[in-house]
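*Asks:* what's the 3D shape of this:
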Amino acid sequence: MKQISVFIENKLGRLKEVTEILADAGVDIIAHSLTDTTDFGVLRMVVDQADQASKALKYQGFVASIAEVVAVEVEDRPGGFHGLLCVLAAGGLNFNYTYSIGHSKSGKAVNIFHFDRPDEALDVLRRSGVSVIDTSALGA
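*Replies:* Here you go, the predicted structure:
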């Protein structure tokens, strides 16, 4: 799955500008996470057209990059996320960041991970029986 990251100044209306550019480009935001510091933020988004989103944002002067991320379904119950982290630790997998995006169409919780070694992560996850999903499994 592709994720786009956008660096934005931490000022009034800047996030609205990003979403307007994407809406005008016909890009659907499926999930997002925004972290900030005093001066800037990093907006990470799973969108339906990452290449189109990147192109539109760069055309408007934003700094944007595309990265591969992995979305996994987790049982939505106490300890569900912990169990997933145990699988990752047992497989020797490191991730740079993760964020939760609600539920998949199947009703399970979904987490997005950016792994150091995504191909190895996919192999470990699948061998462990963890459900790896794509953007079509997200949403209502």
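*Asks:* In which helix or strand does Ser54 reside?
*Replies:* helix 50-59 (DSSP states H and E).
*Asks:* Identify the residues contacting that helix?
*Replies:* Residues from elsewhere that reach helix 50-59, judged by C-beta atoms under 8 Å, 6 or more residues apart in numbering: 2-4, 6, 18, 21-22, 24-27, 45, 47, 64-66. Bear in mind the C-beta positions are built from the backbone N, C-alpha and C, glycine included.
*Asks:* Same question for stretch 121-129.
*Replies:* Contact partners of stretch 121-129, identified using C-beta under 8 Å, 6+ apart, comprise 70, 72, 87-88, 90-93, 95, 113, 115, 132.
*Asks:* before we move on, the earlier item: and the helix holding Ser54, what's its mean pLDDT?
*Replies:* Model confidence over helix 50-59 averages 96 on the pLDDT scale.
*Asks:* Next: stretch 66-77.
*Replies:* Here the average pLDDT along stretch 66-77 is 92.
*Asks:* Could you give me the buried positions within it?
*Replies:* 69-74 (16 or more other C-beta atoms under 10 Å).
*Asks:* can I get these in a markdown table with distance to Ser54 and secondary structure?
*Replies:* As requested, those are exported to a markdown table (distance: C-beta to C-beta, whole Å; DSSP: H, G, I helix; E, B strand; the rest coil):
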| residue | distance to Ser54 | secondary structure |
| --- | --- | --- |
| Val69 | 14 | coil |
| Val70 | 19 | strand |
| Ala71 | 19 | strand |
| Val72 | 24 | strand |
| Glu73 | 27 | strand |
| Val74 | 29 | strand |
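*Asks:* Quickly list the domain ranges of this structure.
*Replies:* 2-67, 70-137 (automatic domain parsing).
*Asks:* Flag whichever of those has the least confidence on average.
*Replies:* Out of the domains of the chain, domain 70-137 stands lowest, with a mean of 89 (criterion: mean pLDDT).
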